[in-house]
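# what follows is a predicted protein model with its sequence.
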Amino acid sequence: MKRMGTALTAIIALIIVVVIYSFAYVVKEVDQVVITQFGNPVGDPITDPGIHFKIPLIQKANFFEKRFLEWDGDREQVPTKDRRFIWVDTYARWRIDNALLFLQRVTNERGAQTRLDDILDSETKSAIARYDLIELIRTSNREPIKTDDVTEQLGNAEFAQIEIGREQITREIIEAAAPKLKELGMELLDLRFKRIKFLDEVQQRIFERMIAERKRIAERFRSEGQGEASRILGNKERDLLEIQSKAYKTAQEIKGRADAEATAIFARAYDRNAETRDFYRFLKTMEAYESTITEKDWVLLSTKSDFFKFLRNQSGR
């Protein structure tokens, strides 16, 4: 009997817990709740955190997020106004603004994601089709920082001026999509382009054009470098000839002064006395013999020749 009483007590306690649980529900700080009775909403959404009560079995608590939610769009192929086909990948942040309207129009977050896909993708394609590609990839008309001559040679086409810019285009998408989402109980907080990319075949042609452009610039630099190198080599040859000419002139002037000074010394020595003159004459004649006559030479001279004089006296004849 005692065991049966314990089991009965446990069953009663369990029934009480189940009844209380079916009566009560807990609303967290991040939740908002809509009570429905037989599928129809009852009263206003409950947003205050704490314990709340409902009629069990008849009423149902539908929980929804109060926090910001994420929407990540699919990558779409979109043409721009200037007929550039690009891949566009977007994302957005939204929240449930009116839980009751949200429940009535889209039921749950899965249904909300489907409606977001339809509305945001449509408005994004429409906005992109109204503008050129440059408006989508730039935000302002800031001046480019030219770090080298190559940047300067790219031309003004690479840095064309924009009128709207990416930031304003995203604002237009938000302004166009927000009223439609408001009717579904949702608030669009922000939308951004996650990535904008050319189609693979278009991207390859752009890369080829960029490579060809830089090759042209490189070739022009090479041509200018060769011209500068030729100019430098020409100046070097001219300067070298000028230096050699000046050096030769200086050397000849020094040599001429030395010869003049040597001649003056010889002249003074020659005029000093007769013995000195005879010795000088003898010395110069010996140098002449040495420079003009070798062992293999035959010399025919007159016996009265001054050049033969010292030979004649040496032989005793």
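Right, received. Where do you want to start? Just so it is clear, the structure is predicted and the values come from calculations on it, not from any experiment. Numbering: from 1, shown residues only.
# ok, Ala176 - how many residues close by?
Using other Cβ atoms under 10 Å, Ala176 has 17 other residues around it. (Each C-beta comes from the backbone N, C-alpha and C, glycine too.)
# that one: which element?
Assigned by DSSP states H and E, Ala176 belongs to helix 166-182.
# list the buried ones in that helix?
Applying a neighbour-count criterion of 16 or more other Cβ atoms under 10 Å, one finds 166, 169-170, 173-174, 176-178, 180-181 buried in helix 166-182.
# buried residues, stretch 125-132. List them.
Neighbour-count burial for stretch 125-132 [16+ other Cβ under 10 Å]: 127-128, 131-132.
# ok, now stretch 226-243?
Under 16+ other Cβ under 10 Å, stretch 226-243 has no buried positions.
# same check, this time on stretch 207-222
Ile217.
# also stretch 94-113?
So stretch 94-113, judged by 16+ other Cβ under 10 Å, has buried residues 94, 96, 98-103, 106, 112.
# and the closest residue to Ala177 other than its chain neighbours, what element?
For Ala177, ignoring the flanking residues on the chain, the nearest one in space by Cβ to Cβ, 6 or more residues apart in numbering is Glu123 at 4.6 Å. According to DSSP H and E, Glu123 maps onto helix 109-129.
# which other helices and strands does that helix contact?
Contacts defined by 3 or more Cβ pairs under 8 Å, 6 or more residues apart in numbering; DSSP states H and E place helix 109-129 against strand 69-72, strand 76-79, strand 85-96, helix 166-182, strand 186-198.
# angle of it against helix 166-182?
140 degrees (axes from the mean of the first three to the mean of the last three Cα atoms, to 10 degrees).
# so for whichever helix or strand comes after helix 109-129, mean pLDDT?
Once the chain leaves helix 109-129, the next helix or strand it forms, by DSSP H and E, is helix 133-137. In this model, helix 133-137 has an average pLDDT of 86.
# quick one, strands of this structure?
For the chain, the strands defined by DSSP state E cover 24-27, 31-37, 40-46, 50-53, 59-65, 69-72, 76-79, 85-96, 186-198.
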